[in-house]
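J.: Dropping a prediction and its sequence here:
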Amino acid sequence: MIDLTGKLLIELRDDTEVDALVDGRVRGFEPAPGDVKPKGSYQAFVVIVALDTVRMSRAPVQRATYAIRCYGATPQAAMALYGACSDTLHNIGPRLHADTGIYISFDTTGGTAEKDIDTGQPYVTFIAELIAPTQVVA
């Protein structure tokens, strides 16, 4: 099985529209030290969390599902960041990352506006689904 978190991270971080909003702050699993700021001084960042990676039973293919949380300084900024991240991944066809391919990816839910329970920082969550091989692509 191939973990696609790093591939998603690279795609989002390397997108010029996303990077203009987060300045490289795209993380896997949890925010990095310094991403979370005190109330009133929030900054934008993205956190990618794997929800499930289901193997298809008759082919070396997986359906990987990720929650992508787009944090912004304001609710509007969080929604703008969601839009940029969704545009980067939605209905994007085959691409190759070194020895790993992704056949297609989708934003399957649209954005849900939320507020961090600890800091009060606004963020928007969406679910991305990727169809990809479970083995190295030659």
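T.: Noted; the coordinates are in hand.
J.: Which neighbouring elements make contact with the lowest-mean-pLDDT helix or strand in the chain?
T.: Sorting the helices and strands of the chain by mean pLDDT, DSSP states H and E puts strand 95-97 at the bottom, at a mean of 81. Packed against strand 95-97, as judged by 3 or more C-beta pairs under 8 Å, 6 or more residues apart in numbering; DSSP states H and E, are no other helices or strands. Where you see a C-beta, it was placed from the backbone N, CA and C, and this is true even at glycine.
J.: Please point out which parts of that strand sit buried.
T.: For strand 95-97, the neighbour count (16 or more other C-beta atoms under 10 Å) marks H97 as buried.
J.: Direction included, what does the very next helix or strand once past that strand pair against?
T.: Next along the chain after strand 95-97, taking DSSP states H and E as the criterion, comes strand 100-102. Here strand 100-102 has these sheet partners by DSSP bridges: strand 95-97 (antiparallel).
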